[in-house]
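Visitor: fold the stuff below for me.
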Amino acid sequence: MVLFGSVLAVAAAAWAHQLRRPVWVRRCVAAPVLIGWTSMAAPESLLPQLLALVALPAAFAGFLGGIFDRSGLPR
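Guide: Numbering: from 1, shown residues only. Coordinates of the predicted model:
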């Protein structure tokens, strides 16, 4: 399930790239990939949970940045 989320994050970042969104939006949307990577690299560690505290809000910020324009209006 975590791997599926990582694949979706990469697909969302690629889609944001295709739509020519700002770089910070692409990076924030791709942030959950770190959770999947650390879950595979260190499954017994707390590192995936600690990264989730940072990566998931960043992904949400990238999601909102991709939807809304600088003026605050939806694209």
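
Visitor: pull out the buried positions in the longest helix along the chain.
Guide: Assignment by DSSP state H gives helix 47-67 as the longest helix of the chain. Within helix 47-67, the residues that count as buried by 16 or more other C-beta atoms under 10 Å are Leu47, Pro48, Leu51, Ala52, Ala55, Ala58, Ala59, Gly62, Gly65, Gly66. Using the backbone N, CA and C atoms, a C-beta is placed for each residue, glycine as well.

Visitor: could you list every helix and strand that that helix packs against?
Guide: Under the contact definition 3 or more C-beta pairs under 8 Å, 6 or more residues apart in numbering; DSSP states H and E, helix 47-67 sits against helix 2-18, helix 23-30, helix 33-41.

Visitor: quick one: closest of these to Pro74.
Guide: helix 23-30 (14.3 Å; C-beta to C-beta).

Visitor: show residues contacting the closest one.
Guide: 9-10, 12-13, 16-17, 58-59, 61-63, 65-66 (C-beta atoms under 8 Å, 6 or more residues apart in numbering).

Visitor: from the residues you listed, which one has the minimum pLDDT?
Guide: Ranked by pLDDT, the contacts of helix 23-30 bottom out at Gly66, which scores 86.

Visitor: for that one, which residues are in contact?
Guide: Contacts of Gly66 by C-beta under 8 Å, 6+ apart are Ala16, Leu19, Arg21, Val25, Val29.

Visitor: quick one on the thing from earlier: and the buried residues of helix 47-67 as CSV, adding distance to Met40?
Guide: Below are these laid out as CSV (distance: C-beta to C-beta, whole Å):
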residue, distance to Met40
Leu47, 11
Pro48, 9
Leu51, 12
Ala52, 14
Ala55, 15
Ala58, 20
Ala59, 19
Gly62, 23
Gly65, 28
Gly66, 27
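
Visitor: nearest to Ser39, of those residues?
Guide: Looking across the buried residues of helix 47-67 and measuring by C-beta to C-beta, the closest to Ser39 is Pro48, at 4.6 Å.
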